[in-house]
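*Asks:* kindly generate the corresponding structure for this input.
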Amino acid sequence: MTTRALPCLLLVAITAAAYINADHEQFLFDSAQADLLAKPAAAGLQTFREFWRQPLKPGQHLATLSFALNDAVNRALGMDGLDVTGFLAFNVLVHAVNACLVYLLIRALLRQLEPARPPPVWMPAGLALLFAVHPLAASSVAYIIQRRGSMATLFCLLGLLAWLRARRLLAGSCGTGVPPVRCSDGRARPGWFRPAVLILATLLCYWLACRSKETGLTLPIIVALIEFCFRAAGWSRRRFAAWTFGGLVLYPAAMLVGLWAIGRFNPADATRLSAFREPLNWGVGSHFLSMSRAVAHFWKLLLLPLPRWCSIDHDFAMSFTLLQHGAVFALALHVALIGLALLAARRGLVLIAFGLLWFYAVQVPYMVLPQWEVFVEYKSYMPSVGFVLVLAGLLQVLRERVSPRIQIGALVVAAVLLLTTTIRRNAIYQSEHNLWADAVAKAPNSFRPLLVFGTVLTKEGRPLEAIPYLTTAWKLAQTDTTATARWKQFYALTNLADALLRTGRGREALPKFQAAADLDPANPSAWY
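*Replies:* Coordinates of the predicted model:
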């Protein structure tokens, strides 16, 4: 067995072990079942046709197609099409492949940064292991529908690796890290065929990433950032300042234009959330401030993922001003870290610079596009690659001061702690009851955990236990001042009325059904 293959095999095996206890008998919350119920197995061909209907439009089409393929494979194996085990196995496989790609990425970057030194094996493998077993990844692995983000990450990593291989081929015969027009001794660059094929592979990966999730749109920016980090140390101050200013200003603007072009953002009506047919009471500015705080929390959870800080649903208030809920401090943190990234790039600390810039670049779609969910853990999946790259850069800097054995030992200890936390955390994904009981315990005054947990208890035949949770959810909905208060009140009323009816309290249930019908007469849930 070659040294090259062994780390990847170990990463796959440990990733599988990390999620061995995450299997569950039913889809949770808004998971893949919703996609499949809308498109049953008999309509698998229709799903394939939809994938090609608008082949250049970014979206989640490839992920949706993968759900249909999972369904077909399950049926071919003689199982129920919606058997969750096959869906989870696919998610774990994608995550394991991503861990292997992170390992290869760190080695590829070190190979280009230090062409005279063979790239290490076990330091990149240890860092990739941290990515593989980090508890935050559970929200994209055990939570089935969030494979969209992990699939987009997979194709972005593949595309970047293809790009790095192409630039290495172009620079290889000259022995430099940056592709020159001609070598210093006058020799021409190497042949163009293999680099051209790899660049085409990068474009193909870009298309597949965009078809998995809109975050795949960031791949060209990732490629531009690695080129910036490779070259920044050799630029003049004026050129460095021009590229920095242009990137900081033009990239968010270009992302908004791109989202507008594909119909995901309307500047004339930026506060409307079409998925719920209800307007949000915040626009781009308020969403940006609030997401700034959420991203600061991602740093906290990546550095110290304590179980009490992790949840499927975080009780998170919006920031409408700089001073509200500490948004100004979150922005100050991000400005400082981006400034640190630019300083690192200027000083040739490529891994640190690229890791920090990756972390923020892939967050931009989430930060500029108003969304219903702000602080959700699956948004940290793709940025966590940048976090691992920063750690790789720090270990590279400390290489002369700290022996490789100590570095690898520290990585193993950290991986064991993270693995233990992940295995413990997976227990909440084993059932809807566990998932939402955990959310209620961590956010006892948050509307959605109370509502969903009460609904789950009712479905389990425990309506008497559900009533207190649904009553509290109804009281919270009554005091809600946001634009989504109407639908919160509607669902709190209908679920509370259903629980009351199941306990034989029909007289108490009837007024609540009537109030729900007044809120949304067209919704059949109010007409029991």
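
*Asks:* lowest-scoring secondary structure element of the protein by mean pLDDT?
*Replies:* strand 272-273 (a mean of 44; mean pLDDT, DSSP states H and E).

*Asks:* give the contact list for Glu114.
*Replies:* Applying Cβ atoms under 8 Å, 6 or more residues apart in numbering to Glu114 gives no contacts. C-beta coordinates here come from the backbone N, C-alpha and C atoms, glycine included.

*Asks:* that should have said Lys488, apologies.
*Replies:* So Lys488 contacts Phe447, Leu451, Ala473, Leu476, Ala477, Asp480 (Cβ under 8 Å, 6+ apart).

*Asks:* who wins for neighbours among those residues?
*Replies:* Neighbour tally across those (other Cβ atoms under 10 Å): the maximum, 27 neighbours, falls on Ala473.

*Asks:* packing partners for the helix or strand harbouring Phe228?
*Replies:* Following DSSP states H and E, one finds Phe228 within helix 219-231. For helix 219-231, the elements it packs on are helix 147-172, helix 193-212, helix 237-261, helix 350-361, judged by 3 or more Cβ pairs under 8 Å, 6 or more residues apart in numbering; DSSP states H and E.

*Asks:* what sits up against the second one?
*Replies:* The contact list for helix 193-212 (Cβ under 8 Å, 6+ apart) reads 51, 56, 58-63, 148, 151-152, 154-156, 158-160, 162-163, 165-167, 169-170, 215-217, 219-220, 223.

*Asks:* tell me the buried residues in stretch 195-206?
*Replies:* Pro195, Leu198, Ile199, Ala201, Thr202, Cys205, Tyr206 (16 or more other Cβ atoms under 10 Å).

*Asks:* for stretch 142-149, same thing?
*Replies:* Under 16+ other Cβ under 10 Å, the buried positions of stretch 142-149 are Ala142, Tyr143, Ile144, Ile145, Gln146, Arg147, Arg148, Gly149.

*Asks:* that stretch: end-to-end distance?
*Replies:* End-to-end distance of stretch 142-149 (Cα to Cα, to the nearest Å): 13 Å.

*Asks:* how about stretch 208-218?
*Replies:* Stretch 208-218: ends 12 Å apart by Cα to Cα.

*Asks:* ok, for Val133, nearest residue in space, not its chain neighbours?
*Replies:* Nearest residue to Val133, sequence neighbours excluded (Cβ to Cβ, 6 or more residues apart in numbering): Leu419, at 4.2 Å.

*Asks:* quick one: contacts for the one you found?
*Replies:* Applying Cβ under 8 Å, 6+ apart, the residues near Leu419 are Ile14, Ala17, Ala18, Val133.

*Asks:* hang on, the earlier thing: could you give me the PyMOL syntax to select whichever of the contacts of helix 193-212 are buried?
*Replies:* In PyMOL syntax, the buried subset of these is picked out as below (16+ other Cβ under 10 Å):
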select buried, resi 51+58+59+60+61+62+63+148+151+152+154+155+156+158+159+160+162+163+165+166+167+169+170+215+216+217+219+223
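
*Asks:* quick one on the thing from earlier: and the contacts of Lys488, which is the shakiest by pLDDT?
*Replies:* The lowest pLDDT within the contacts of Lys488 belongs to Asp480, with 81.

*Asks:* quick one: that residue from Arg448, how far?
*Replies:* To Arg448, Asp480 is 12 Å away according to Cβ to Cβ, to the nearest Å.

*Asks:* and the angle from the lengthiest helix in the chain to helix 193-212?
*Replies:* Longest helix in the chain by number of residues (criterion: DSSP state H): helix 84-113. Orientation check (axes from the mean of the first three to the mean of the last three Cα atoms, to 10 degrees): helix 84-113 against helix 193-212 gives 140 degrees.

*Asks:* average pLDDT for whichever helix or strand comes after helix 84-113, rounded please.
*Replies:* Following helix 84-113 in sequence order, the next helix or strand is helix 122-133 (DSSP H and E). The average of the pLDDT scores along helix 122-133 is 95.

*Asks:* please apply the same query to stretch 57-66.
*Replies:* Mean predicted lDDT for stretch 57-66 stands at 85.

*Asks:* kindly report the same for stretch 454-472.
*Replies:* Stretch 454-472 comes out at a mean pLDDT of 95.

*Asks:* and that stretch, how far out from the chain middle?
*Replies:* Centre-to-centre, stretch 454-472 and its host chain are 31 Å apart (Cα atoms, centre = their mean, to the nearest Å).

*Asks:* tell me which residues of that stretch come out buried.
*Replies:* For stretch 454-472, a neighbour-count test (16+ other Cβ under 10 Å) marks Gly454, Thr455, Val456, Leu457, Thr458, Pro463, Ala466, Ile467, Tyr469, Leu470, Thr471, Thr472 as buried.

*Asks:* just put the helices and strands packed on helix 219-231 in CSV and tack on mean pLDDT and distance to Leu289.
*Replies:* Output for these, formatted as CSV (pLDDT from 0 to 100; distance: least, Cβ to Cβ, whole Å):
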stretch, mean pLDDT, distance to Leu289
helix 147-172, 93, 23
helix 193-212, 94, 28
helix 237-261, 80, 14
helix 350-361, 97, 16
